[in-house]
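[1] sequence plus the predicted model coming up.
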Amino acid sequence: MRMAVQSQAPPRAARLSGRTWRLLRALPAPVVMAVTLAGPWLAPHPVDAPVAAPYALPGPGLPLGADQVGRDVLSRLLAGGRELLLTSLTVAVLVTLGAAILGTAAALRPGLGRWVDRAADLMMLLPAVLAVLLVVLSWPGGGRMALIAAAVAVGLPYAVRVFAGAAAPIAASGFVEAAVAGGERLPHLIWREVLPNLRATLLMLLGLRLVAAVYVVTTAAFLEIGPQPPAADWALMVRENAPGILLNPWPVVAPSLAIGALALSVQAAAALVPGNVRKAVIRL
């Protein structure tokens, strides 16, 4: 008995170490998000007031130097990610929720599924950047609402296909057929029968859509169809300070690294989803 207990110890330790490693990989995501959201209150200087010469190099009180008009790069870096994160989170939640409802409904109702599939095919033909330009520039007044609507329209077709494919086996299972035979309506089937069995897919897709939303929102800001100068925005910082990158590279390098850190940390957190679900989502 003692030898049997000792032989079982290494696998348990291996499971614990693997679980700990996965948790450590996911830890940067909430840390990066918390710092990004609290950034405007952590900024040491006003984000819109010059405090040094243009493109001043790092020095006392200016760890990252100054930008093209002499504003503190660190302060603008801390303040420039909150709107990006909030906008991207809004887009990711709307896309995931909309795709969950439409994809599950398409799997439960094949007639509706054919129309949803055709609509997704048509929307996927339009390049993402062109779709964002069309929506934002035609929206009265533009702004963040237009950008959110454009990003949702871009991300929804792919996400709907993921959920339709993931929900199809569950929709054909015995307990769902029994609920249909019992007269349950479509909303009940979606929320009570199918979606509770797709929690891992929901989490995985939410992480992927958040990364995609960060890409769309930063691309729009870089093209100046989202936030406008002199707003503190990471993508705008890269665009505005690119001409002086040889004088002080930090106004360009720092926000670029921040965007990459946000995307990579979310991807690492999404890796907590079981591997078979992750491979299925990526394949779809």
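    Structure's in. What do you need?

[2] show me the residue at the heart of this structure, geometrically.
    Nearest to the geometric centre of the chain sits L210, at 0.9 Å (C-alpha atoms, centre = their mean).

[3] what distance separates the start and the end of stretch 179-190?
    One end of stretch 179-190 to the other measures 11 Å (C-alpha to C-alpha, to the nearest Å).

[4] pLDDT score for V277?
    Note on V277: pLDDT of 46.

[5] centre of the chain to the host helix or strand of A164, how far?
    Per DSSP states H and E: A164 is located in helix 144-171. Offset of helix 144-171 from its chain centre (C-alpha atoms, centre = their mean, to the nearest Å): 13 Å.

[6] quick check: the nearest residue to the residue nearest to the centre of the chain once chain neighbours are set aside vs M204, distance?
    Spatial nearest neighbour of L210, excluding adjacent residues (C-beta to C-beta, 6 or more residues apart in numbering): A92 at 4.0 Å. Bear in mind the C-beta positions are built from the backbone N, C-alpha and C, glycine included. To M204, A92 is 12 Å away according to C-beta to C-beta, to the nearest Å.

[7] again with L94
    Distance from L94 to M204, by C-beta to C-beta: 17 Å.

[8] who has more neighbours, the two?
    Neighbour tally, L94 and M204, criterion other C-beta atoms under 10 Å: the higher count belongs to M204, 24 against 18.

[9] residues near the residue nearest to L210, how many?
    25.

[10] ok, now which ones touch it?
    For A92, the contact set (C-beta atoms under 8 Å, 6 or more residues apart in numbering) comprises G155, L206, R209, L210, A212, A213.

[11] model confidence over the helix or strand harbouring it, on average?
    Element membership for A92 (DSSP H and E) is helix 82-108. Mean per-residue pLDDT for helix 82-108: 91.

[12] so which bits of it are buried?
    82-85, 87-92, 94-96, 98-108 (16 or more other C-beta atoms under 10 Å).

[13] okay, buried residues for the helix or strand hosting M33 please.
    Assigned by DSSP H and E, M33 falls within helix 28-42. Neighbour-count burial for helix 28-42, counted by 16+ other C-beta under 10 Å, picks out P28, A29, V32, M33, V35, T36, G39, P40.

[14] that helix: how far from the chain's middle?
    15 Å.

[15] can you check stretch 74-84 too?
    Centroid separation for stretch 74-84 versus its chain: 17 Å, with C-alpha atoms, centre = their mean.

[16] over to stretch 121-137?
    18 Å.

[17] nearest spatial neighbour of F175, chain-adjacent residues omitted?
    Closest to F175 by C-beta to C-beta, 6+ apart is E193, at 6.8 Å.

[18] T36 now?
    Of all residues apart from its sequence neighbours, G81 sits closest to T36 (C-beta to C-beta, 6+ apart), at 4.0 Å.
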